[in-house]
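Asks: need a structure here:
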Amino acid sequence: MARTLVALFLGTVAFGLLTIAIGLLHFAKDVLVFLGSAVPALAPIGHWNLPKDLGFTGIWFQFAVYYFFLVVPLGVLVLLVADYFLRNRATRWKVPPPIPVDGQPIAVVLTAYNDEASIGHAVDEFRAIPNVHDVIVVDNNCRDRTAEIAKAHGAIVIPESKQGYGFACIAGLRYALDHTSEPLIVLSEGDMTFFGNDVQKLVPYLADCDMVIGTRTTRSLTRPGSQMDWFMIWGNLFLAVLIRLRYWDWDFLGRVQLTDVGCTFRAIRRDSLEKIIDNLTVGTYHFSPHMILVALQEGMNLTEAPVKFRPRMGESKGAGGSRTRAIRIGLAMLGSIMVH
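Replies: From the prediction side, this is the model:
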């Protein structure tokens, strides 16, 4: 059922965008005809025969009418009926037992790739947070002094030879499980885009949830010059809607109320991480939504909390550094949502 909702949403977006594009072409035709009649020198452009050149437009609009007024309403009706009969069946969603989080030890995992300019400051920020006992920095084949500086600032540095943001996240999370005892684990980055004191926003929700995900889409908390421009914000919101549809709930408009799928900053219970760590397999930049999808597939309780976001120190290696790279990552995220 959920995949059908995702398909209907994507189809509606595609039909809508293409219909608008065709409408703009017709508008352009009208402008050209007007210019051709008003300015004799431009008369030849008024002879462009749009219906002849774009003869498919009539058929397209017919298909669009069928889609918007037949396929979508019938699809939603079928899903509503199916949900009515399935609602009383046993659900796989599991509400975790409440746990005390006040004063509980915390382990922080920071990914790093050539972050010598920022890693020391990042380690200091997180180590200054009450109850943070260990800060683990994952050296993902750094070619600079990142590892040396992190150690000098009191971090545990571990290497990860498989190149990739996802591989670094998985290595750090697995190390935290195998070599530390803290019941609460936080994942973040070593580039100073996140604020260490926001740990204190995420952790309280772990009293009732398996995982808490940061969101960078709050305007009042996003610093000028950060990577979260309109393109990144709209893209994350769009993909967040797809995840909400993929794990749908009619009462709350989605099993999890997401607004940001690419935020690394998150906190998770140790026992919850143990359940999903072996299923975390994506080693590239679309790891963040992959981890969310794996947790939802396991039936875990997730929530979101707004975090502050600022310009990074050093060169961006992720989606924020290139529009082309951001589009590739976004398409990989989209594929992951569809097939998971």
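Asks: going forward, measure contacts and count neighbours with C-alpha atoms only.
Replies: Fine.
Asks: quick one: end-to-end length of stretch 298-313, please.
Replies: 36 Å (C-alpha to C-alpha, to the nearest Å).
Asks: helices of the stretch 201-340 of the chain, residue ranges please.
Replies: Using DSSP state H, counting those that start in this stretch, the helices of the stretch 201-340 of the chain run over residues 230-246, 270-276, 287-297, 323-339.
Asks: out of these, flag the one nearest L110.
Replies: helix 287-297 (13.9 Å; C-alpha to C-alpha).
Asks: list the buried residues of that closest one.
Replies: 287-296 (16 or more other C-alpha atoms under 10 Å).
Asks: closest one of these to V261?
Replies: P289 (5.2 Å).
Asks: correct me if wrong: the closest one contacts G262.
Replies: Yes: the pair P289 / G262 is scored as a contact, 6.3 Å apart, by C-alpha atoms under 8 Å.
Asks: same list (the buried residues of helix 287-297) but as TSV, adding pLDDT and distance to F167.
Replies: Below are the buried residues of helix 287-297 laid out as TSV (pLDDT from 0 to 100; distance: C-alpha to C-alpha, whole Å):
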residue	pLDDT	distance to F167
F287	95	9
S288	95	11
P289	94	14
H290	95	12
M291	97	12
I292	96	16
L293	95	17
V294	96	16
A295	96	17
L296	93	20
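Asks: pipe the helices of the stretch 201-340 of the chain into CSV and attach distance to L221 per row.
Replies: Formatted as CSV, those follow (distance: least, C-alpha to C-alpha, whole Å):
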stretch, distance to L221
helix 230-246, 13
helix 270-276, 28
helix 287-297, 21
helix 323-339, 22
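Asks: looking at the ones you listed, which has the lowest confidence?
Replies: For the helices of the stretch 201-340 of the chain, mean pLDDT drops lowest on helix 323-339, to a mean of 84.
Asks: next, the angle from that helix to helix 287-297.
Replies: Interaxial angle, helix 323-339 versus helix 287-297 (axes from the mean of the first three to the mean of the last three C-alpha atoms, to 10 degrees): 10 degrees.
Asks: which residues are contacting helix 323-339?
Replies: Helix 323-339 is contacted from outside by 3, 6, 235, 239, 242-243, 246, 285-286, 289-290, 293, 318-320, using C-alpha atoms under 8 Å, 6 or more residues apart in numbering.
Asks: same thing but at 10 Å, please
Replies: 2-4, 6-7, 231-232, 235-236, 238-240, 242-243, 245-246, 261-262, 282, 284-290, 292-293, 317-320, 322 (C-alpha atoms under 10 Å, 6 or more residues apart in numbering).
Asks: whichever of those residues end up buried, select them in PyMOL.
Replies: To isolate the buried ones among those in PyMOL, judged by 16+ other C-alpha under 10 Å, type:
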select buried, resi 2+3+6+232+235+236+238+239+240+242+243+245+246+261+262+282+284+285+286+287+288+289+290+292+293+319+320
